[in-house]
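Visitor: Sharing a model that was predicted from the sequence below.
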Amino acid sequence: MQRSPFISSLVALAFAAITVLGASPAVSAEKQGRVNACRLQSDQSNIEHVIFLIFDNVHFLRDNPNVPSDLEQMPNLLNFIRSQGTLLTNNHTVLISHTANGILTNFTGMYSDRHGQSVSNSYRYFKSDGSTLSSSSFKYWTDLVDDTGTPPADALPNMVNGDSGSPKIAPAPWVPYTRAGCDFGAVASANLVLENTGTGPGGDITKVFGNGSPEFNEAVASNAAPANTAARALAQTDFVGLAIHCGQGGGICAGNPNVRPDLLPDEPRGYDGYLGLFGAKYVNPAITGGSAVMNNLNGDPITDPFNQPGFPGFDGLFASTTLSYIAQMQEAGIPVTFGYISDAHDQHGIAGEIHTTRGPGEADYVQQLKNYDEAFGKFFQRLADHGINKSNTLFVFTVEEGDHFVGSKPMNPSCDGVNTPCTYDLIGEVNGNLTGLLATQQGIKTQFTVHSDMAPTIYITGNPSPTDPVAREFGRAVSNLTAVNPYTGQLDNLTAALADQWEMDLLHMVTADPQRTPTLTMFAHPDYFLFTAAADCSSPCITVPTTPPTNTFAWNHGGIQPEIATIWLGIVGPGVSNLGQDDGTWSDHTDVRPTMLSLLGLRDTYVHDGRVLTETLEKNALPQSLRDHTPVLSKFTDLYKQINAPFGQLGMDSLKVSTVALASGDSANDDIYLKLTKKIKNWTWKRDTIAEEMRAMLDGAAFKHEPFDGVIARRLINHAEALLEEVSSCAADVVNCTK
């Protein structure tokens, strides 16, 4: 998923190589002291390093049965996980399934309603006059929804959390680590790094470096420079995408003149006196011993598209780049490192400056996966040479979402990609003009805006309530939209599922900021990407865009399809069982955080929505309270996920009911919708009541040394089973469910 705010088609010229990496020196005594000062290891494990890597759109499942999957084409990574730890293949995303909320859910262990990003990678929000504006999900942790308006059209935090009873900034993921004295390095990790070069009152540069600072002045000049020039890119190259959040009492920030206060004004229990380094201009010298240039794992300088050393842009985060930064940070004494790696199925060019989509098994797609595999081979060897391995390091590898490929069948159907490259006649998502389709097919000319997507969120102008006749007429119309698929020639129902605000609440999609709650969410047929345009279809309304050739897309996500929702998670390290591959354990993004912190002996200031993956950990690495009651605990945790996770049984069954409800009735009789909506509200209340007690028990056992009470657990199991049965029965027979 493209994140970079600039894309250039210029080809970078040769840049004189300055060797920074390659044969890196052994960790010095001073740097080793930094590692040892970090109080990571718990009573059950001996963990001195943490390496968390999250991919964009890298698949374990095959997109073409003949072509090895992405992970299968990266055996250095796949074998490392399987041979030394556990690969969980029944992991799941959140809704809506996208880069920003997928990453942030992994980072926080909270569902989207609690960290604020349920609609991403951007979202719309209502203004007071009923119209909408757009905001990016990718903002530094403390940014607002509207960082430029005076006064702001929405002054709440982008990362909004309502646990306290009022909207505040969500607790930051690095805090437990820095409070334990550990420096925390972030490489292109969503919202843990500066994400923009804004110099307005709420811009990242102003907030971190201050109005009138040298960095502020550089950003002002850079933002005013002509587009697609080195000068325009400079501020991003220098300040965006890299950060080190430092622990107190030494570490890499000690004595560094470039540190800035690491401000978290809403952090529970306060966060005063902490410092950080922001941007390659300051991170690079700190971790290389003074050089402004970092090399990737191949020995090539890491630059932007204009050969300026520094951050290459988010689409330029190839494995050889991210892994080099992670290794160098670890060698420099930063024991906790989080990194992002760009997808492999789009051709990104030298530093992410182009975007050309590829199909399964196409030659350059296969080559990029080979490059990624080679990078992981070098990475693991380099870490091992510096004593960083499974005996002392917690490795976590995962992906934020899956994809649905949209394109023709291969022209050579027997191709396997690796030995015989696949070729395609046509590749590209099917674009649909939602405004035109509604007007021409359903006669709907109501004003609305959308967050364009294969799961578009719809904001009806005026922000009507779910039961308003305008909203109800609109929902029925969306339910009935059709299109002839250019690939199959078949008539498709465009709506796979439909949710209004009540169902979105059940799916953890309603945040503490009421301005950003959509009127409707349409989970579309996976081949389609929907947007607003002219209220007619003379364009026409359904197209497969193939130009410009460097800005095409064919990997859809956001929706409810299994290939999008079902992903993978790999864990290796002390206390992790060497199961090889676990295809059975049901997990999702929220479970990563509590599992990691439990192994590390750290705690958050809040209760996670996820749970410790006890099935994946050795018994002696588990908190004492989670070692007993194994059959009861297993059933308890499974039911907890099934009633609370967006892709759990309750979420998916209720979405079936919601879809029927929104399609039902007419202007004269809306009885079915009202009855089913009442049920959905009641299910949400029951779920919240049961889940809150279940997660409190799991959190208490994992982090507070509280016993896991089997009697209470069995009572909650019975309540959860009864709720699942009630919703499942309604989904199976919605007609009788309304009687």
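Guide: Nice, I can see it.
Visitor: is it true that D63 touches G407?
Guide: No - the pair D63 and G407 fails to qualify as a contact (CB atoms under 8 Å) at a distance of 9.9 Å. From N, CA and C alone the C-beta is placed, and that goes for glycine too.
Visitor: The two: who's more crowded?
Guide: Using other CB atoms under 10 Å, the more surrounded residue of D63 and G407 is G407, with 22 against 19.
Visitor: Phi and psi next, for that one.
Guide: Backbone torsions for G407, taken as degrees, to the nearest 10, come to phi 180, psi 170.
Visitor: wait, it sits on W555?
Guide: No - counting by CB under 8 Å, G407 stays clear of W555, with 9.5 Å between them.
Visitor: Show me which parts of stretch 515-532 are buried, residue by residue.
Guide: 515-530, 532 (16 or more other CB atoms under 10 Å).
Visitor: Among the residues you listed, which ones are in strands?
Guide: Cross-referencing the buried residues of stretch 515-532 against strands under DSSP state E gives L520, T521, M522, F523, A524, Y528, F529, L530.
Visitor: ok, now which ones touch the closest residue to L602 other than its chain neighbours?
Guide: Among residues not flanking L602 along the chain, P176 sits closest, at 4.3 Å (CB to CB, 6 or more residues apart in numbering). When contacts are counted by CB atoms under 8 Å, 6 or more residues apart in numbering, P176 touches L597, L602, R603, D604.
Visitor: can you tell me how far P176 sits from N158?
Guide: Using CB to CB, to the nearest Å, P176 is found at 21 Å from N158.
Visitor: Neighbours of P214, how many?
Guide: Neighbour number of P214 under other CB under 10 Å is 9.
Visitor: The host helix or strand of Y123: what's the following helix or strand?
Guide: For Y123, the host element (DSSP states H and E) is strand 122-126. Beyond strand 122-126 on the C-terminal side, the first helix or strand identified by DSSP H and E is strand 132-136.
Visitor: that older thread, which ones among the contacts of P176 lie within helices?
Guide: Judged by DSSP state H, the subset of those located in helices is L597.
Visitor: Reformat the contacts of P176 as TSV; add distance to G610.
Guide: Supplementary listing: the contacts of P176 in TSV, determined by distance: CB to CB, whole Å:
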residue	distance to G610
L597	10
L602	15
R603	14
D604	11
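Visitor: packing partners for the top helix by length along the chain?
Guide: Selection of the longest helix in the chain by residue count, based on DSSP H, yields helix 671-703. Helices and strands touching helix 671-703, by 3 or more CB pairs under 8 Å, 6 or more residues apart in numbering; DSSP states H and E, are helix 501-506, helix 592-600, helix 630-644, helix 649-663, helix 710-732, helix 734-737.
Visitor: would CSV of those with mean neighbour count, distance to A254 and mean pLDDT be doable?
Guide: Shown next, in CSV, are the helices and strands packed on helix 671-703 (neighbours: other CB atoms under 10 Å; distance: least, CB to CB, whole Å; pLDDT from 0 to 100):
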stretch, mean neighbour count, distance to A254, mean pLDDT
helix 501-506, 23, 47, 98
helix 592-600, 25, 23, 97
helix 630-644, 19, 42, 96
helix 649-663, 23, 47, 98
helix 710-732, 16, 47, 98
helix 734-737, 14, 63, 92
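Visitor: Would you reformat those helices as CSV and include distance to S342?
Guide: Listed next are those as CSV, based on distance: least, CB to CB, whole Å:
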stretch, distance to S342
helix 501-506, 30
helix 592-600, 20
helix 630-644, 30
helix 649-663, 30
helix 710-732, 38
helix 734-737, 43
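Visitor: so what are the domain limits for the chain?
Guide: As assigned by automatic domain parsing, the chain contains the domains 42-121+156-193+241-304+316-423+552-626, 430-543, 628-739.
Visitor: For my notes, confirm the residue nearest to L602 occurs in a helix.
Guide: Yes - membership of P176 in a helix is supported by DSSP: H, G, I helix; E, B strand; the rest coil.
Visitor: In the stretch 451-600 of the chain, mark out all the helices, start to finish.
Guide: 469-479, 501-506, 562-565, 592-600 (DSSP state H, counting those that start in this stretch).
Visitor: Just give the nearest non-adjacent residue to E374, would you?
Guide: Using CB to CB, 6+ apart and skipping residues adjacent in sequence, the residue nearest E374 is N76, 7.5 Å away.
Visitor: And V50, which helix or strand is it part of?
Guide: With DSSP H and E as the test, V50 turns up in strand 49-55.
Visitor: Quick check: neighbours of that strand in the sheet, parallel or antiparallel?
Guide: strand 336-341 (parallel), strand 393-399 (parallel) (DSSP bridges).
Visitor: So which of those is the most surrounded?
Guide: Of the strands paired with strand 49-55, the one with the most neighbours on average (mean count of other CB atoms under 10 Å) is strand 336-341, at a mean of 25.
Visitor: Could you give the separation of it from the chain centroid?
Guide: Counting by CA atoms, centre = their mean, to the nearest Å, strand 336-341 is centred 13 Å from the centre of its parent chain.
Visitor: about what we covered before: touching, the residue nearest to E374 and N371? I think so.
Guide: No - the criterion here is CB under 8 Å, and N76 misses it with N371 at 11.5 Å.
Visitor: Pull the number of nearby residues for G559.
Guide: G559: 23 surrounding residues under other CB under 10 Å.
Visitor: who's in contact with it?
Guide: Contacts were defined as CB under 8 Å, 6+ apart; by that measure G559 touches S97, H404, M454, A455, A496, F523, A524, P526.
Visitor: Give the buried residues for stretch 606-622.
Guide: For stretch 606-622, by 16+ other CB under 10 Å, it's 606-617, 621-622.
Visitor: on that earlier part again, what about the residue nearest to E374, helix or strand, and which?
Guide: Applying DSSP H and E, one finds N76 within helix 75-84.
Visitor: Downstream of that helix, the next helix or strand is which one?
Guide: Next along from helix 75-84, by DSSP H and E: strand 85-92.
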